[in-house]
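[1] Attaching a predicted model along with its sequence, questions to come.
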Amino acid sequence: MRSGEELDGFEGEASSTSMISGASSPYQPTTEPVSQRRGLAGLRCDPDYLRGALGCLKVAQVILALIAFICIETIMECSPCEGLYFFEFVSCSTFVVTGVLLILFSLNLHMRIPQINWNLTDLVNTGLSTFFFFIASTVLASLNHQTGAEIAAVIFGFLATAVYAVNTFLAVQKWRVSVHQQSASDYIRARTESRDVDGRPEIQRLDT
């Protein structure tokens, strides 16, 4: 029978061996915080954006474009059909594009793609949507046969035009503010770099 000292020695060797094997094992528990992991699991809706002016306008645009598209789809006969087809294309395109932007902004997904100027993107989308919805509604109003579906499509088309126009005005203001802020930050960065160079004469000697 082994003595107590021998048992203590074996226990010490076993504990040291387990520590070494645990340190060298490639299957280590991760220490990465859950909040830093990328993926769709951390998506959260931004209620402040949806309650704001731009969020409410985006929701109204999606709803009006969808209703206008549904109204134009219920028309079974047309002659000529060019105005109807154009209105159908505009209402469907604006619904899809604005819906995608609404999802990106409300879930803050655009923050994960900082390479894109989202203020300018929103401005271009709302400006083009205002122009094409106005043209499509005007053409459909002049070529329609006074049916209920055509009149409803024209009404919702002009309502969508008005909402997009308001959004365009607000997007222009937001884009101007972002441009001024970017210019100010670039100016401050340039002044800071110039002061650093002025405070280090050895850099000036190397440049000369």
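    Cool, got the structure. Residues are numbered from 1 along each chain as shown.
[2] could you point out which element follows the lowest-mean-pLDDT helix or strand in the chain?
    Using mean pLDDT, DSSP states H and E, helix 4-24 stands out as the lowest-scoring helix or strand of the chain, at a mean of 48. For helix 4-24, the succeeding helix or strand toward the C-terminus, using DSSP states H and E, is helix 47-51.
[3] list the buried ones in that following helix?
    Within helix 47-51, the residues that qualify as buried are residue 49, counting by 16 or more other CB atoms under 10 Å. (Glycine included, C-beta is placed from N, CA and C.)
[4] Residues contacting it, please?
    The contact list for helix 47-51 (CB atoms under 8 Å, 6 or more residues apart in numbering) reads 55, 56, 59, 105, 106.
[5] Tell me how many other residues crowd residue 71.
    The local packing of residue 71 (other CB atoms under 10 Å) involves 21 other residues.
[6] Surely it and residue 159 touch.
    No. Residue 71 lies out of contact with residue 159 (CB atoms under 8 Å); the separation is 11.6 Å.
[7] which helix in the protein runs the most residues?
    Assignment by DSSP state H gives helix 148-198 as the longest helix of the chain.
[8] now for that helix, which elements pack on it?
    Using 3 or more CB pairs under 8 Å, 6 or more residues apart in numbering; DSSP states H and E, the elements in contact with helix 148-198 are helix 53-73, helix 82-106, helix 118-143.
[9] redo that, cut-off 6 Å
    With contacts taken as 3 or more CB pairs under 6 Å, 6 or more residues apart in numbering; DSSP states H and E, helix 148-198 sits against helix 53-73, helix 118-143.
[10] Now the last one: buried residues?
    I take that to be helix 118-143. Neighbour-count burial for helix 118-143, with 16+ other CB under 10 Å as criterion, is recorded at 118-119, 121-123, 125-130, 132-141, 143.
[11] can you check the shortest one too?
    For helix 53-73, the neighbour count (16+ other CB under 10 Å) marks 54-55, 57-62, 64-69, 71-72 as buried.
[12] contacts for it?
    With contact meaning CB atoms under 6 Å, 6 or more residues apart in numbering, helix 53-73 is reached by 49, 87-88, 91-92, 94-95, 98-99, 102, 149, 152-153, 156-157, 159-160, 163, 167.
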